[in-house]
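J.: Sequence plus the predicted model coming up.
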Amino acid sequence: MWLTRPLRERSTQLFLGILLAALALVTLLNLTLPAAHPLHVSTYTVTLLGKYLSYALLAVAVDLVWGYLGILSLGHGAFFALGGYAMGMYLMRQIGDRGTYGDPVLPDFMVFLNWDSLPWYWLGFDMPWFAFLMVLLAPGLLALVFGFLAFRSRVTGVYLSIITQAMTFALMLAFFRNEMGFGGNNGLTDFKELLGFDLRSDATRLGLFIATGIALALGYVVCRAIVASKLGRVSVACRDAEARTRFLGYRVERFQLFVFVVSAMLAGVAGALYVPQVGIINPSEFSPIFSIEVVLWVALGGRATLYGAVIGALLVNYAKTVFTGVMPDAWLFALGGLFVLVTVFLPKGIAGLLDLRIKRRSATSDSTPATGEATA
């Protein structure tokens, strides 16, 4: 089966092994060690790591379209936010009469704005299966419509990047409006429970962390399966020589559209896992700056590697957490300096450096027997 093919790859086995080992280690350190122990992982740290993993899944989605399809999307934050809003709408419906105003149906912000009834597009979000389906369909349908129009018109290069940026900026402006029914500037927050589990409990936080790690593993395997298949080879051909690929008879726009939609749905899943862990979703997630930052994660980690995108997302967000605490007034300069240094000295990213070391080590091991034979 094409989906299980990546599991036979050594790189995929190594990635999954490290990821699952990290999940198990964090879980054990959180559950078994007392809070006073120096190796204890607090629930706050678990939640922070879960947020990093959701960002890593988003970075993998961006690397799929940028690294292997050659489409520099500056609008993947929109797909991430749509998945987050779908999850947020479900969580808001679960509050019921426990809200500030005690309305069993309307969320607090709708009561505050004197809304009389629930909008039609909120219907069904009290059912988890419907909400989880919308997590995939909302970003997937947007990507389908946008990609169909853009790829059919053969919009490429910087022009396509600008259009994706304009798309997410337009959505951000729309979601800021109170009359849209998504909470306006404040967004959706004050969540209580997920599938009956209290979101404030330590066990739920740990469960969300593990679920995010599993989602990252599955997303990585799906992307590797696409890349290793004929679809992936045609996608790389479209990236490197689109005109020649068309001349060979391939319908390039169909391949581009499929990969773009899959990437958008993965971004939506990342957003859905992000929201219950941070406790809020607002229009700032649509910001074009956020989408550009995701591209920088991928560039720093290593484009067209998938695992490099994970490394970049984890490293940059950890650095952001450290810098904002150590130098709150200058952390942006420190982060910018990190990007400049990597761009100058590591043009292929951190993954490129790792690949270079592996190749040198293998070359050294291959040449050692030959030297011994020559001496003999």
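T.: Cool, the structure landed.

J.: Just the pLDDT at the most centrally placed residue in the chain, thanks.
T.: Note on the chain: the residue nearest the mean C-alpha position is L58, at 1.2 Å, using CA atoms, centre = their mean. For L58, the model assigns a pLDDT of 97.

J.: again with S367
T.: 66.

J.: re earlier: ok, now which ones touch the residue nearest to the centre of the chain?
T.: Residues near L58 by CB atoms under 8 Å, 6 or more residues apart in numbering: H76, F80, L266, A267, A270, G271, V294, A313. Quick note: C-beta positions are derived from backbone N, CA and C, even for glycine.

J.: what comes up buried for the strand or helix carrying L137?
T.: Assigned by DSSP states H and E, L137 belongs to helix 128-152. Buried positions in helix 128-152, judged by neighbour count with 16 or more other CB atoms under 10 Å: 130-132, 134-140, 142-144, 146-148, 150-151.

J.: Remind me what it packs against, helices and strands.
T.: helix 76-93, helix 157-175, helix 252-278 (3 or more CB pairs under 8 Å, 6 or more residues apart in numbering; DSSP states H and E).

J.: Which residues does it contact?
T.: 78-80, 82-83, 85-87, 89-90, 124-125, 160, 163-164, 167, 195, 252-253, 256-257, 260-261, 263-265, 267-269, 271-272.

J.: Buried among those? Make that a PyMOL selection.
T.: In PyMOL, this line selects whichever of those come out buried by 16+ other CB under 10 Å:
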select buried, resi 78+79+80+82+83+85+86+87+89+90+125+160+163+164+167+252+253+256+257+260+261+263+264+265+267+268+269+271+272
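
J.: excluding its backbone neighbours, what's nearest L113?
T.: Distances taken as CB to CB, 6 or more residues apart in numbering place N178 nearest to L113, at 6.0 Å, with adjacent residues excluded.

J.: How about S42?
T.: Nearest to S42 is A35, by CB to CB, 6+ apart, at 7.1 Å.

J.: For R233, see how far away that neighbour is.
T.: From A35 across to R233, the span is 52 Å (CB to CB, to the nearest Å).

J.: same thing with N317?
T.: From N317 to R233 the distance is 32 Å (CB to CB).

J.: Those two: which is more packed in?
T.: N317 (20 against 12; other CB atoms under 10 Å).

J.: Give me the pLDDT value at the more buried one.
T.: For N317, pLDDT reads 92.

J.: Mind telling me what element it is part of?
T.: helix 307-326.

J.: Return that helix as CSV; C-alpha atoms alone will do.
T.: Presented in CSV, the C-alpha positions along helix 307-326 are these (Å, rounded to 0.1, in the frame of the first residue of the first chain):
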residue,chain,number,x,y,z
TYR,A,307,11.9,16.7,8.8
GLY,A,308,13.8,19.9,8.3
ALA,A,309,10.5,21.8,8.6
VAL,A,310,9.9,20.1,11.9
ILE,A,311,13.4,21.1,13.2
GLY,A,312,12.9,24.7,12.0
ALA,A,313,9.5,25.0,13.7
LEU,A,314,10.7,23.6,17.0
LEU,A,315,13.9,25.6,17.0
VAL,A,316,12.5,29.0,16.1
ASN,A,317,9.5,28.8,18.5
TYR,A,318,11.8,27.6,21.3
ALA,A,319,14.1,30.5,20.5
LYS,A,320,11.2,32.9,20.5
THR,A,321,10.1,31.6,24.0
VAL,A,322,13.6,32.1,25.3
PHE,A,323,14.3,35.4,23.7
THR,A,324,11.0,36.9,24.8
GLY,A,325,11.9,36.1,28.4
VAL,A,326,15.6,37.0,28.3
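
J.: From the chain's centroid, how far away is the helix or strand hosting V295?
T.: Mapping V295 onto the secondary structure by DSSP H and E places it in helix 288-301. Taking CA atoms, centre = their mean, to the nearest Å, one finds the center of helix 288-301 at 11 Å from the center of the full chain.

J.: what does it contact?
T.: 55, 58-59, 62-63, 66-67, 72-78, 80, 164-165, 168-169, 172, 284, 307-313, 315-317, 338-339, 342-343, 349-351.

J.: one more time with 6 Å, if that's ok
T.: The contact list for helix 288-301 (CB atoms under 6 Å, 6 or more residues apart in numbering) reads 58-59, 62-63, 74-77, 165, 168-169, 308-309, 311-313, 316, 339, 342, 349-351.

J.: List the buried residues in that helix.
T.: Buried residues in helix 288-301, counting neighbours by 16+ other CB under 10 Å, are found at P288, F290, S291, E293, V294, V295, L296, W297, V298, A299, L300, G301.

J.: Among those residues, find me the one that's closest to G17.
T.: Of all those, G17 sits closest to G301, with 18.7 Å by CB to CB.
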